[in-house]
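# just need the structure, nothing else, for what follows:
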Amino acid sequence: MAAGVKQRVRSNWGRAVLVCSKCSKRIDGGFGRKGRTPLAKALRRHLKLRKGRKAAAGIVEVKCLGVCPTNAVTVVDGAAAGEWLLVRPGADLDQLAGELGLPDQAA
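All right, here's what the predicted structure looks like:
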């Protein structure tokens, strides 16, 4: 490893989920109580997850995953990266969290 580069950084994440921010922008949010919140933010709030490395799970918005579905958001579960999800606006966040193996209500 190169000099000055830290080798390891700890996190409390049990899972990592990637959410396409470009898809979220294209559907103008589509999640949350009023249907205007981006999926990553709505899922974080719904599960009461903290931000950053101290959260129980990482829900990270990434630029573009290249799938670009019509009226849906592309989501990648880091533990099952071989199969991606296309989540429609207004989807049940409890069901999505269960499918992704995310904690019910993390501290």
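# and the nearest residue to G78 once chain neighbours are set aside, how far from P38?
Excluding the flanking residues, the one nearest G78 by C-beta to C-beta, 6 or more residues apart in numbering is A16, at 3.6 Å. Every residue, glycine included, has its C-beta placed from N, CA and C. Distance, A16 to P38, using C-beta to C-beta, to the nearest Å: 18 Å.
# show me where the chain has strands.
16-20, 58-62, 73-77, 85-87 (DSSP state E).
# okay if I get those strands as a markdown table plus distance to R33, mean pLDDT and mean neighbour count?
Shown next, in a markdown table, are the strands of the chain (distance: least, C-beta to C-beta, whole Å; pLDDT from 0 to 100; neighbours: other C-beta atoms under 10 Å):
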| stretch | distance to R33 | mean pLDDT | mean neighbour count |
| --- | --- | --- | --- |
| strand 16-20 | 19 | 96 | 22 |
| strand 58-62 | 18 | 94 | 17 |
| strand 73-77 | 17 | 97 | 22 |
| strand 85-87 | 17 | 97 | 19 |
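# now those strands in TSV, with distance to G32?
What follows is the strands of the chain, written out as TSV (distance: least, C-beta to C-beta, whole Å):
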stretch	distance to G32
strand 16-20	14
strand 58-62	14
strand 73-77	13
strand 85-87	13
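# out of those strands, which is closest to L49?
Across the strands of the chain, L49 has its closest neighbour in strand 58-62 (6.7 Å, C-beta to C-beta).
# please save the CA atoms from the closest one in PDB.
Extracted C-alpha coordinates of strand 58-62, given in PDB (Å, rounded to 0.1, in the frame of the first residue of the first chain):
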ATOM      1  CA  GLY A  58     -25.100   1.900   4.400                       C
ATOM      2  CA  ILE A  59     -27.500   3.300   1.900                       C
ATOM      3  CA  VAL A  60     -25.400   5.200  -0.700                       C
ATOM      4  CA  GLU A  61     -26.500   7.200  -3.700                       C
ATOM      5  CA  VAL A  62     -24.300   6.600  -6.700                       C
END
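# got the angle between it and strand 16-20?
30 degrees (axes from the mean of the first three to the mean of the last three C-alpha atoms, to 10 degrees).
# A56 contacts S11, correct?
No: A56 is not in contact with S11 according to C-beta atoms under 8 Å; the separation is 9.9 Å.
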